[in-house]
Each structure stands twice: as structure tokens, then as C-alpha cells.
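Visitor: any chance you can model this:
(2 chains)
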Amino acid sequence: MTASTKRPTLASVVEVSTEVASRELDGEMVLLDLATGTYFGLDHVGARVWTLIGDRAPLGAVFETLLAEYEVAPAPLERDLLALVGDLCTRGLTRVVAPSA
Amino acid sequence: MSSRRRRSRPGALRAAAGLGWADWTVVLGAALLLPTAAVASRCLSLARLLRVARALGRRRGPPRGGPDAERILRLVHAVAGRCRPAPACLARALVALVLLRRRALPARLILGVSTAGGALEGHAWVDCGVTTVPAAGAYAPILVVDDRGAVPAGSAA
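Guide: Now for the predicted structure:
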């Protein structure tokens, strides 16, 4: 199993695919996948996650940042963050570049 | 005494009669490329499609005489309007980009999106500085294809 197909964990570093263009519109993030020509939309929390991932921060650091910025319990935040990033990886929009711990 | 009634020509013929040789090269180019672009846009990835369009639209020396950028865009738009099935905006924009750049006329292909109504709606158009075809409308640019290749809209000069 390669790093790109691994399920992300908080120890993972994720990078955005070079075939994805993105733009923030009214607080939301619009993604254009050049491989498929498909547009995707992320709400304002997803947009924040996308921005943090774009800085190539480890997901643990993304988690800590979101925990500080939003009133949310750690467990559901971790679950939702990993689910979102896993979904982005499944769709080929991001990939895990550093192996999970 | 003979009574001759002059028939008025249909709009398409009237328009065709006003075309010069250089216009016809654009019309014929568009008529050939539009169906090809429509099929290619279904078969190739968007990234590959944009690379092919840039390669086909390689400039061929300094600008020659002939129709200006705005006229080329309008001719492509007019030809596309007579194609069946009507080519999508991406095919129109790709063909316009190729025809403009082959004549060394500056042009950018822009991919944008509208979020009006809560749904994402993509659109493609060509900007040659004086006009855009198809119309850009209320679409926000996401990606710009210019001399540098495909670059995010925010970093486009």
C-alpha cells in the first residue's frame, strides 16, 4: 500500500493534488479537479481545512488549529476531519505524502 | 413590362455575403474544430484538453492581417450557434483560444464557477481583452490558461 492510498491519521501530512485548482468564494471553497473536470464545494469549515492542508501542516496541527478556532469537542472533530480528508483522498483531490504513525 | 420581385436573403446568407476571405478561414476553422472539441471534451481529461489546446494554438509569428480578436470570437460564436448539437461553452472557448492564438492574438481561456442558487455551475470562456465569448456573466474565475499554462485565477496577472 502506498502513502497516497493510506487512510489519513492525525500523524499524516496531506498534500493537494497538482491537478486541482481552488478558489474561495463567499467563505466557501470551490475546487476544480482538472483530471475529471468536476467542481467540488466545501463549506466554511471545509474551506479552513483545505487552507490548512495547503500549507502542508500535519493533520495533528490542523486538528489543534481547528480545536482552538471552533467550539467543538475533540472526538467529533477528529472523526469529521479524518472523514473529510479521507474523502478528499478518495476523490484524488489530496494524497497522504507522509506515512501515518 | 416585367415585374421582378426581389427576394430578401435569409439572415445567414446576408451575413455570409459580408464575409471576407480571412473571415471564411475563421469560419471554416471553427466549423472543423468545434465538433472535434466537443468530442474531445468528452473523451480527454480537462488537463490534457487544455494542454492540447495550448499546443494547437502555438503562435505562428507576428500578427497577420485579418479579422481582429473580437470579430474572431463573434464568428466562432456564430458558427457554434449553427452546430447541432450545440457545442458546450468549453468547446467554444477551446476553439476560440486556438484560432486567436494561431493568429498571434493574445487570449486567455478562463474556467469559472457560479455558486448562485447554492449549486455549483461551471463555465468556460475566452477573454481577449475587449470582449469575452461565451459571456462571462456572474462566474468567478478559478483557472486561467495563458502563456504560462494553466494557473490559478488568483495568481493570474
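Visitor: for the rest of this, base every contact and every neighbour count on C-alpha atoms.
Guide: OK.
Visitor: chain A contacts on chain B?
Guide: Applying CA under 8 Å from any CA of the partner chain, we find that chain B lies next to chain A at B:45-47, B:120, B:122, B:142-143, B:152-154.
Visitor: secondary structure, neighbour count and pLDDT added to those residues, as a markdown table?
Guide: Shown next, in a markdown table, are these (DSSP: H, G, I helix; E, B strand; the rest coil; neighbours: other CA atoms under 10 Å in any protein chain shown; pLDDT from 0 to 100):
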| residue | secondary structure | neighbour count | pLDDT |
| --- | --- | --- | --- |
| B:Ser45 | coil | 16 | 90 |
| B:Leu46 | helix | 21 | 90 |
| B:Ala47 | helix | 16 | 89 |
| B:Leu120 | coil | 15 | 87 |
| B:Gly122 | strand | 20 | 90 |
| B:Ile142 | strand | 24 | 92 |
| B:Leu143 | strand | 26 | 92 |
| B:Pro152 | strand | 18 | 80 |
| B:Ala153 | helix | 19 | 80 |
| B:Gly154 | helix | 13 | 68 |
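Visitor: closest to B:Gly18 among those residues?
Guide: Proximity of those to B:Gly18 was ranked by CA to CA; the top entry is B:Gly122 with 34.9 Å.
Visitor: element containing B:Gly66?
Guide: Counting by DSSP states H and E, there is no helix or strand that carries B:Gly66.
Visitor: ok, now which ones touch it?
Guide: By CA atoms under 8 Å, 6 or more residues apart in numbering or on different chains, the residues touching B:Gly66 are B:22-23.
Visitor: kindly report the same for A:Gly46.
Guide: Going by CA under 8 Å, 6+ apart, A:Gly46 touches A:28-29, A:84.
Visitor: packing partners of the worst-scoring helix or strand of chain A on mean pLDDT?
Guide: Using mean pLDDT, DSSP states H and E, the weakest-scoring helix or strand in chain A turns out to be strand A:94-98, at a mean of 87. Helices and strands touching strand A:94-98, as assessed by 3 or more CA pairs under 8 Å, 6 or more residues apart in numbering or on different chains; DSSP states H and E, comprise strand A:13-16, helix A:74-90.
Visitor: I'd like the distance between the most centrally placed residue in chain A and A:Val62.
Guide: For chain A, the residue lying nearest the average C-alpha position, counting by CA atoms, centre = their mean, turns out to be A:Val85 (4.1 Å). Between A:Val85 and A:Val62 the distance, using CA to CA, to the nearest Å, works out to 11 Å.
Visitor: chain B: helices as residue ranges?
Guide: Taking DSSP state H, the helices of chain B run over residues B:11-17, B:21-43, B:46-56, B:69-82, B:89-102.
Visitor: burial of B:Leu97, as a residue count?
Guide: Other residues within reach of B:Leu97 by the criterion other CA atoms under 10 Å in any protein chain shown amount to 28.
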